[in-house]
Each structure stands twice: as structure tokens, then as C-alpha cells.
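Asks: Fold the stuff below for me.
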Amino acid sequence: MHLAVLLFTSAVSVGTFALDNGLMRTPPMGWLAWERFRCDIDCEHDPKNCISENLFIDMADRLSEDGWRELGYVYVNIDDCWASMDRDEKGRLQPDPKRFPGGIPKLARYMHDRGLKLGIYGDMGTHTCGGYPGTPLDKIKIDAQTFADWEVDMLKFDGCYSNATEQEQGYPLMSNALNATGRPIGYSCSWPAYQGGLPPKVNYTQLGKICNLWRNYGDIEDSWDSVLNIIDWFFENQDTLIPAAGPGRWNDPDMLIIGDFGLSMDQSRAQMAIWAIMAAPLFMSNDLRTISSGARSILQNKMAISINQDPLGIQGRRIIKEKSGIDVYWRPLSKDDSALVFFSRRNDMPYRYQTSLKKLNYTTGSYKIFDVFTEKTMTLKDSTDFVVSVNPTGVVMWYVSAPAKLSLRQLYKGGKLQGFAYDDDENNIPPVFL
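Replies: Numbering: from 1, shown residues only. Okay, the predicted model is just below:
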């Protein structure tokens, strides 16, 4: 496919500028507190939901005991409102002692003992967005060392209460300071979100040098309108954003809200599918203690996760936007495979969308199709028209295996030509599908 060549070329063009810490070669996965639990610090009246040591221990238990960790969900990330209002006598950040009596090192050990990783939140500014102590320029080195001493594995660095000049200095300084600690700490920058997300204010080549992932756009809310706004912004600007992404450096459209209150099951599948196409970090923000079986099955869908985690690391794109309200998204994957998503913006009824792989720029051949959410398989020639029925605000997601290729070797038996052998091990298509 010619699209694959274009995307691969653009991705490689910035690949040499990736942050050299060896981390997050595929999009990071885990759980993040913010959208679901925000800044609830009322542990007296709401002990199960307040931002406290117990909340993060509960989520770690669920990740390690309910099958999440084995699928790649390994980060447990603290967000805002964890800190004491005052630094300690040495000028270091410290957690609120009432809500985190064991301190952050205790939480880190708890995570590590269970094969998980701990993430924490900071802010490039005088205060965090929630009003807690921030990290001004003169505190960057001490805060980076503090996080390393606590054995933290990831830092999300926000930008409230700072200006553009401070951000221009502070975000690279924090990258250098984290690397100087000698501890591998994944680095999530919110810098582009505070500068409108687009060039010339945002330099994505520079971001790839200093950050593992970055927030480009506003915070997600627990609503379909919010998800759709994010989708629209990312794909309307895809030609700018796609070249910036790759192994070790990712555009971050924000958290998965599947399992909360605002999305239907169809909309939940849509968010999971499109985040996978975008090679987005998969950070759930929900209550894993009470999550429904339907939401769990979407978030634990192995094929959707494998598409998201594809090692080629090329962010997908929207290739068609129909007047009928159907969008088609495509992502190139390893071994010449690919993923397709048919997405309905409609609100009325299921829509029967007709096309062919040839019309979607696939080359001549027969392709094995795996439907990610129904788990049905079929084989399609590129020239064969097909129809997909897409529910309102829903998706159909396909994993498309590349056509098998004829081997250069020929099979002989008893000195006689027996036929050709297919290299189907590489392409995962047995000859019967051709």
C-alpha cells in the first residue's frame, strides 16, 4: 500500500531524535487516577474513593489479580492532589501524611513486588492545577532526584501556573534531570497542550528528543462529546502528528474512560479501537473494583491491545470521511499487516457501508480478516465488494493479514515438481485462504 510507504518514511524521518532512555518502545499501559477520582481528598467521608495510599493499593491488587498486568497494564499512576501543602525542611516534595502514611516509597515497593510500576504527578509551575506545590525552575533537580529516590517509574509533568518562557526552559531541564538520576523514569510532558498543540508554537522534533509521551489537547471528560472532540482534533491534524510518533515517543489523546458513566458499550468499543489505531498510551481511569464485565472485555481485548502495541510504532490515520457519517481509519502493522476501523458518527440506526479493500488502497491479493470485537474471520480478495454494518457511534474493527507470497523454492518429490510452497508462516495465511 502506498500509504504505508508514506507513513513509514515520515515516521523514520524523526526516529533518530527519540528520547534516549530506552523506555516505552510501545505505548505505555496502565491505570491513572484523574478522570475517575479527580481531587477527592475527603477520606473521612469517602474513604474508598479519596486520593490515598489505599486507593492505589486497591488498583494495584486488581491489576495484578484480575488479568490486567499480563495484558500490559502495568503502570499505576498517581495524579494531582497527593502532596502536602508544604515541602519538607530540605525543600523536597512530600506526600500528605494522613492520606499516604507509608510514604511514596512504600507504594513503589508494593507495585514492584507485584510486577507493576508507579507513576507520579508534578507540575512545571509554582503550583499544580489543584493548588498543591509545583516545580518551578529552581526545584527541578531536587524534585527529579526525589522521584528517583522514591523509585518512581514515570512522571506526568503538567503546566499550570507557568508561562511559555518557563515551559520552554523547564520541560527540557526536567528531562535532563530525570536522566541524570540514573533511574529509568518515563516522562510525560503536557507542554504542547499549553501551546495549542500545533506548530510553530510546538516543536515535535524537540519533543521527541526530551519526552516519551505528551499531551497535545485538553483533558478528556466522561462523555461521548469529549471523546469525539478529541478524535476530531487528532485526525484533523494527523499530517502534523503522525510523523512525531514512534517507539519511545507518543502522542497522548488522554485517558480511556471505558467503564465509567458516560459511554455506551458501542462508544466504549469506539474509543478502544481508535486509541489503538492512534498508537495512543492506554491509561484507564475507572474503578477496577466495580467495573462491568462488558467494559472489562473491551479493555482486555487481546487483539485491540496487540494492534495498539505493534512494535512498528506507526500512528494510524483517517483515510476516508464520508458524507454519510462513516469514517475509515487505517494503521500499518508489522509483517505488512494492518488494522482498519469503520466508525459511524451517526445517531439514528446501524449503517450498511459498502466498499472494497481495493478502494481502500490495498494491493492485489487475498486477505485474511479478523473482526476484533466479534472474533469472526473471513477471507477477502482486494476486488471483492463487502458491506459492514456499523452501529450508531460505534465501530467495526478489523485486523487484516497481508497476502501470502509465493516462495522462490519449488517442492520436488521423487524428482518430480509437486507445486509451489507458500511462505505462510510469515504472513499467517494458510494456502487454503488464497
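Asks: and stretch 365-376, what's its mean pLDDT?
Replies: The pLDDT scores in stretch 365-376 average 98.
Asks: Just the residues contacting it, thanks.
Replies: 269, 273, 298, 301, 303-304, 307, 357, 377-382, 395-403, 428-429, 433-434 (Cβ atoms under 8 Å, 6 or more residues apart in numbering). C-betas here are computed from N, CA, C, even on glycine.
Asks: How about stretch 261-277?
Replies: 221-224, 226-227, 231, 253, 256-259, 282, 294-295, 298-299, 301, 304-305, 307-308, 316, 329-331, 339, 341, 343, 372-373, 391-395, 397.
Asks: okay, now the domains of the protein?
Replies: Taking automatic domain parsing as the domain assignment, the ranges for the chain are 2-308, 317-401.
Asks: now, of these, which is deepest in the fold?
Replies: Of all these, domain 2-308 carries the top mean neighbour count, a mean of 19, counting by mean count of other Cβ atoms under 10 Å.
Asks: Run the chain-centre distance for it.
Replies: 9 Å (Cα atoms, centre = their mean, to the nearest Å).
Asks: In the chain, which helix is the longest?
Replies: In the chain, with assignment by DSSP state H, the single longest helix is helix 164-180.
Asks: mind listing what the residue positioned nearest the centre of the chain touches?
Replies: The residue lying closest to the centre of the chain (Cα atoms, centre = their mean) is Pro281, at 1.7 Å. Taking Cβ under 8 Å, 6+ apart as the criterion, Pro281 is in contact with Pro27, Pro28, Met29, Ser188, Leu213, Trp250, Asp252.
Asks: can we see that at 10 Å?
Replies: Residues near Pro281 by Cβ atoms under 10 Å, 6 or more residues apart in numbering: 24, 26-30, 32, 75, 186, 188, 212-215, 250-256, 275, 308.
Asks: mind listing the helices in the stretch 251-400 of the chain by residue range?
Replies: 265-277, 293-299, 302-308 (DSSP state H, counting those that start in this stretch).
Asks: Dump the last one to PDB, keeping only the CA atoms.
Replies: What follows is helix 302-308 as a C-alpha-only set of coordinates in PDB (Å, rounded to 0.1, in the frame of the first residue of the first chain):
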ATOM      1  CA  LYS A 302      -6.200  -9.000  23.200                       C
ATOM      2  CA  MET A 303      -6.300  -8.200  19.500                       C
ATOM      3  CA  ALA A 304      -7.100  -4.500  20.100                       C
ATOM      4  CA  ILE A 305      -4.200  -4.400  22.500                       C
ATOM      5  CA  SER A 306      -1.900  -6.100  20.100                       C
ATOM      6  CA  ILE A 307      -2.700  -3.500  17.400                       C
ATOM      7  CA  ASN A 308      -2.100  -0.700  19.900                       C
END
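Asks: So that it lines up with my notes, have the first residue be 725 from now on.
Replies: Shifting the count to begin at 725 puts that one at helix 1026-1032.
Asks: Could you list every helix and strand that it packs against?
Replies: Contacts defined by 3 or more Cβ pairs under 10 Å, 6 or more residues apart in numbering; DSSP states H and E place helix 1026-1032 against helix 989-1001, strand 1006-1008, strand 1062-1068, strand 1119-1125.
Asks: again, 6 Å this time
Replies: The contact analysis (3 or more Cβ pairs under 6 Å, 6 or more residues apart in numbering; DSSP states H and E) places helix 1026-1032 against helix 989-1001.
Asks: what angle do the helix it packs on and strand 1119-1125 make?
Replies: Here helix 989-1001 runs at an angle of 40 degrees relative to strand 1119-1125 (axes from the mean of the first three to the mean of the last three Cα atoms, to 10 degrees).
Asks: mean confidence for helix 989-1001?
Replies: 99.
Asks: Report the angle between that helix and strand 1062-1068.
Replies: 140 degrees.
Asks: Now for Thr1088: which residues touch it?
Replies: Asp1106 (Cβ atoms under 6 Å, 6 or more residues apart in numbering).
Asks: contacting residues around Ser1030?
Replies: Ser1030 touches nothing, counting by Cβ under 6 Å, 6+ apart.
Asks: With Arg1041 as the reference, measure out to it.
Replies: Look at Ser1030 and Arg1041: by Cβ to Cβ, to the nearest Å, they are 19 Å apart.
Asks: same check, this time on Pro825
Replies: Taking Cβ to Cβ, one finds Pro825 at 48 Å from Arg1041.
Asks: next one: Arg811
Replies: Distance from Arg811 to Arg1041, counting by Cβ to Cβ: 45 Å.
Asks: Same question for Thr1079.
Replies: Using Cβ to Cβ, Thr1079 is found at 17 Å from Arg1041.
Asks: Please apply the same query to Gly791.
Replies: Taken as Cβ to Cβ, the span from Gly791 to Arg1041 is 32 Å.
Asks: Look up the residues forming beta bridges with the nearest residue to Tyr1123 once chain neighbours are set aside.
Replies: Nearest residue to Tyr1123 in three dimensions, chain neighbours excluded: Phe1094, at 4.3 Å (Cβ to Cβ, 6 or more residues apart in numbering). Per DSSP bridges, the residues bridged to Phe1094 are Thr1101, Tyr1123.
Asks: what are the C-alpha coordinates of the helix or strand containing Ile781, in CSV please?
Replies: Using DSSP states H and E, Ile781 falls within helix 777-789. Output in CSV follows, covering the C-alpha atoms of helix 777-789 (Å, rounded to 0.1, in the frame of the first residue of the first chain):
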residue,chain,number,x,y,z
GLU,A,777,-2.5,5.1,49.6
ASN,A,778,-5.4,2.7,49.9
LEU,A,779,-6.9,3.6,46.5
PHE,A,780,-3.6,2.9,44.7
ILE,A,781,-3.1,-0.3,46.6
ASP,A,782,-6.6,-1.4,45.6
MET,A,783,-6.0,-0.7,42.0
ALA,A,784,-2.6,-2.5,42.1
ASP,A,785,-4.4,-5.5,43.5
ARG,A,786,-6.9,-5.5,40.7
LEU,A,787,-4.3,-5.1,38.0
SER,A,788,-2.2,-8.0,39.4
GLU,A,789,-5.1,-10.3,40.3
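Asks: For the closest residue in space to Gly839 that isn't next to it in sequence, give me the backbone phi and psi.
Replies: Excluding the flanking residues, the one nearest Gly839 by Cβ to Cβ, 6+ apart is Arg793, at 5.8 Å. Backbone geometry at Arg793, expressed as degrees, to the nearest 10, gives phi -60, psi -40.
Asks: Could you list the low-confidence segments of this structure?
Replies: 725-742, 1128-1158 (pLDDT under 70).
Asks: how far away is the nearest residue to Trp874 once chain neighbours are set aside from Asp820?
Replies: Counting by Cβ to Cβ, 6+ apart, Trp874 lies nearest to Ile828, which is 4.4 Å off, once chain neighbours are set aside. Counting by Cβ to Cβ, the gap from Ile828 to Asp820 is 11 Å.
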